[in-house]
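*Asks:* Here you go, sequence then predicted model.
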Amino acid sequence: MSTDIVAWGSYLMLRGLNQPRLVTCPPRSSADVSVTPDFSQVPALDVWQSLLNGWAGLALLIMVAVIIAAGVSWGGGHATGNERAVNFGKRGVFFGAIGALVIGASPYLVNYFRHLAPVCG
């Protein structure tokens, strides 16, 4: 295999195809990119905000259902001695709680990191 690579490299050298080429970059522009978030420019922002609130509420309801179903699995598995159901229930309760935490904390996390960035403009 390595002799094939050496032979291919030698062929390219003989054909003059393996020569280094100079690449020139285009000149840089002196203008900086600027972004200024302006929520008044978003069309139908109230509709998007209400949709987002509804989706977050639905996601929280799903997380509650996951936690309840996992708790039932945990309890039923414990009562019957089924270790697989117990582990499934524990994992479901944990991930349901983490999911609810992420959903609930997401606006605060976005705002926190947005305020860490330097002011644009």
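*Replies:* Cool, the structure landed.

*Asks:* Count the neighbours of Arg114 for me.
*Replies:* Neighbour count for Arg114, taken as other C-beta atoms under 10 Å: 9. (Glycine included, C-beta is placed from N, CA and C.)

*Asks:* try Glu83
*Replies:* 10.

*Asks:* Skipping adjacent residues, who's closest to it in space?
*Replies:* Gly77 (7.0 Å; C-beta to C-beta, 6 or more residues apart in numbering).

*Asks:* right, and that neighbour touches Gly89 too?
*Replies:* Yes: the pair Gly77 / Gly89 is scored as a contact, 5.8 Å apart, by C-beta atoms under 8 Å.

*Asks:* Those two: which has the busier surroundings?
*Replies:* Gly89 (22 against 18).

*Asks:* elements contacting the helix or strand containing the more buried one?
*Replies:* Applying DSSP states H and E as the criterion places Gly89 in helix 83-116. Under the contact definition 3 or more C-beta pairs under 8 Å, 6 or more residues apart in numbering; DSSP states H and E, helix 83-116 sits against helix 45-80.
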